[in-house]
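> Have a look; sequence and predicted model below, questions after that.
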Amino acid sequence: MVRKVTLQDLADRLGVARSTVSRALRGDPQIGVDTRARVQRLAGELDYHPNAAARALTRRRAGVVGLVLPRTSRFVFSNPYFSELLEGISSVAEPAELPILVSAAVRPDYVGWLRAGRVDGLIVLGSSLEGEELRLLETLAAKGSPVVSIHAPSAPTSLVTVTSDEGPGLLGACEHLALLGHEHVAVVTGPPTSHYARARAAGWKGASARVGMTTLRTVHGDDTFASGAAAARTLLAERTAATAWLLGNDLMAFGALQALADAGVRVPGDVAVVGFDDVMPAAVVGLSTVHQGVRTLGEEAMRALHALLRSATPQPIPLVTRFVPRRTSAPSGLAPPTAARAAEGGPFETPVTRTR
């Protein structure tokens with residue numbers, strides 16, 4: 001069995017102190033550039049890997065960060081939003097040698113994680129937190145715990161929050177639809193108990209009003225594919241005159257598109273559909289949507305947490321959203337859908353346009 005190369009082996013080969021090797025491998029600027037280069041070159045040649053457990057013990061840290069997603073595991077692992085978010089977080093955590101402990105549960109015990117020393121810091125999806133849970137998160141941050149929130153409803157000074165400026169993307173989508181002749185819209189968003197769903201619905205309605213469109217109906221779902229499909233069936237059954245549907249996320253938009261296809265409704269000929277997030281499958285199905293850079297959200301959240309772990313002060317800047325027009329909203333030059341066709345007979349008699 002080949003003996004594992006140790007820190008002392010590197011020190012002996014280079015004729016320097018063991019502490020010098022350790023500091024050089026950490027990139028300590030007080031160690032000369034030449035010495036750091038020699039240490040790192042030899043470490044690569046001998047395939048040296050630091051003992052993560054020993055390093056964590058020396059620093060009195062777990063050497064692990066937690067990612068808390070207060071949703072059911074089924075919802076998390078079936079939603080491309082979370083896979084892209086985790087990809088962004090991992091892309092920053094891996095070079096920093098910080099493994100990620102993920103919790104997908106409606107009521108995660110993240111306080112227990114911190115108190116037991118299982119994690120050194122937390123990234124929490126704040127958009128799913130309400131009331132007492134959110135206040136608890138703010139209290140943890142105020143007491144000095146390294147905590148970063150993604151999309152918290154407010155941004156108190158004690159809680160570092162990474163979020164996006166939704167205004168430009170929502171307005172861009174509504175301007176696009178208004179220019180095509182749409183006058184009436186329907187909004188499909190998450191549960192009314194969710195601050196984030198309420199804010200998204202208000203954003204859609206506000207942007208629509210700014211360009212002269214009227215919101216005729218708001219339907220609440222639970223952010224899932226199935227609820228998007230159910231909302232679409234509700235709107236079709238009501239024979240709404242809304243010719244453009246604005247959805248709270250791409251997953252619900254995918255469900256709505258499926259229900260429209262099943263009903264023989266043409267998209268965008270009869271109804272234009274716009275989502276939010278711009279997850280990877282959106283480009284595949286041609287979904288017009290608001291891009292918010294989900295992977296970048298994850299990257300920025302992990303950078304902020306890494307800064308807190310180093311006792312630095314992160315100052316994340318809100319990401320700017322933008323509208324991405326695709327096949328599900330009428331392309332320029334085509335006649336927009338008419339309200340009369342949506343309100344008469346029905347719900348529609350025209351064949352569906354399927355994407356390949």
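On my side now, so go ahead.
> Next, the contact list for the residue lying closest to L246 once chain neighbours are set aside, please.
Nearest-residue entry for L246: W204, 4.5 Å, with adjacent residues in sequence omitted and distances by Cβ to Cβ, 6 or more residues apart in numbering. All C-beta atoms are positioned from the backbone trio N, CA, C, and that covers glycine. W204 makes contacts with L170, C174, V185, V187, T189, T215, L246, G248, as judged by Cβ atoms under 8 Å, 6 or more residues apart in numbering.
> please redo it, this time with the cut-off set to 7 Å
Contacts for W204 were tallied using Cβ atoms under 7 Å, 6 or more residues apart in numbering; they are L170, V187, L246.
> Buried members of these into ChimeraX, please.
In ChimeraX, this line selects whichever of the contacts of W204 come out buried by 16 or more other Cβ atoms under 10 Å:
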select :170,187,246
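> Could you dump the contacts of W204 into TSV and include secondary structure, distance to V124 and pLDDT?
Formatted as TSV, the contacts of W204 follow (DSSP: H, G, I helix; E, B strand; the rest coil; distance: Cβ to Cβ, whole Å; pLDDT from 0 to 100):
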residue	secondary structure	distance to V124	pLDDT
L170	helix	25	98
V187	strand	27	98
L246	strand	28	98
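> Tell me the one of the contacts of W204 nearest E299?
L170 (22.9 Å; Cβ to Cβ).
> wouldn't that closest one be in contact with G203 here?
Yes: counting by Cβ atoms under 7 Å, L170 touches G203, with 4.9 Å between them.
> Just say helix, strand or coil for the residue nearest to L246.
Under DSSP: H, G, I helix; E, B strand; the rest coil, W204 falls in the helix class.
> Model confidence score at it, please.
On the pLDDT scale, W204 is placed at 97.
> R354 now?
Per-residue pLDDT puts R354 at 32.
> How about R60?
Predicted confidence (pLDDT) at R60: the value is 51.
> now swap in T161 and tell me
Note for T161: predicted pLDDT of 89.
> so where does it fall, helix or strand?
Assessed by DSSP states H and E, T161 sits inside strand 160-162.
> If you count neighbours, what's buried in that strand?
Quick answer for strand 160-162 (16+ other Cβ under 10 Å): V160, T161, V162.
> what's next to the next helix or strand after it, contact-wise?
As assigned by DSSP H and E, the chain's next helix or strand after strand 160-162 is strand 164-165. Strand 164-165 has contacts (Cβ under 7 Å, 6+ apart) with Q292, L297, P318, L319, V320, T321.
> what do you get for stretch 29-42?
L10, R13, L14, T20, V21, R23, A24, L25, G27.
> residues touching the first one, list them.
Contacts were defined as Cβ under 7 Å, 6+ apart; by that measure L10 touches V21, V39, L42, A43, Y48.
> Pull out the buried residues from the contacts of strand 164-165.
Q292, L297, L319, T321.
> Is it correct that the third one is in contact with Q292?
Yes: counting by Cβ under 7 Å, L319 does reach Q292; the two are 6.2 Å apart.
> For the stretch 1-150 of the chain, which segments are assigned as helices?
Ranges of helices within the stretch 1-150 of the chain are 7-14, 18-25, 33-45, 52-59, 73-77, 80-93, 110-115, 131-142, based on DSSP state H, counting those that start in this stretch.
> could the ones you listed go into JSON lines alongside distance to L180?
As requested, the helices of the stretch 1-150 of the chain are arranged in JSON lines below (distance: least, Cβ to Cβ, whole Å):
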{"stretch": "helix 7-14", "distance to L180": "65"}
{"stretch": "helix 18-25", "distance to L180": "58"}
{"stretch": "helix 33-45", "distance to L180": "57"}
{"stretch": "helix 52-59", "distance to L180": "55"}
{"stretch": "helix 73-77", "distance to L180": "33"}
{"stretch": "helix 80-93", "distance to L180": "27"}
{"stretch": "helix 110-115", "distance to L180": "45"}
{"stretch": "helix 131-142", "distance to L180": "39"}
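> If you average pLDDT over each of those, which is lowest?
Of all those, mean pLDDT reaches its minimum on helix 52-59 (a mean of 49).
> what about the strands in the protein?
65-69, 100-104, 121-125, 147-150, 160-162, 164-165, 184-189, 214-220, 244-247, 272-277, 288-291, 319-320, 322-324 (DSSP state E).
> any low-confidence regions in the chain?
1-2, 50-62, 106-108, 128-131, 153-157, 331-356 (pLDDT under 70).
> Work out which residue lies at the spatial centre of it.
V294 (4.0 Å; Cα atoms, centre = their mean).
> if I pick the residue nearest to it when sequence neighbours are not counted, what's in contact with it?
In this structure, V294 finds its nearest non-sequential neighbour in E84, 4.2 Å apart by Cβ to Cβ, 6+ apart. Contacts for E84 (Cβ under 7 Å, 6+ apart) come out as V279, M280, V294, R295.
> That concludes my questions; thank you for your assistance.
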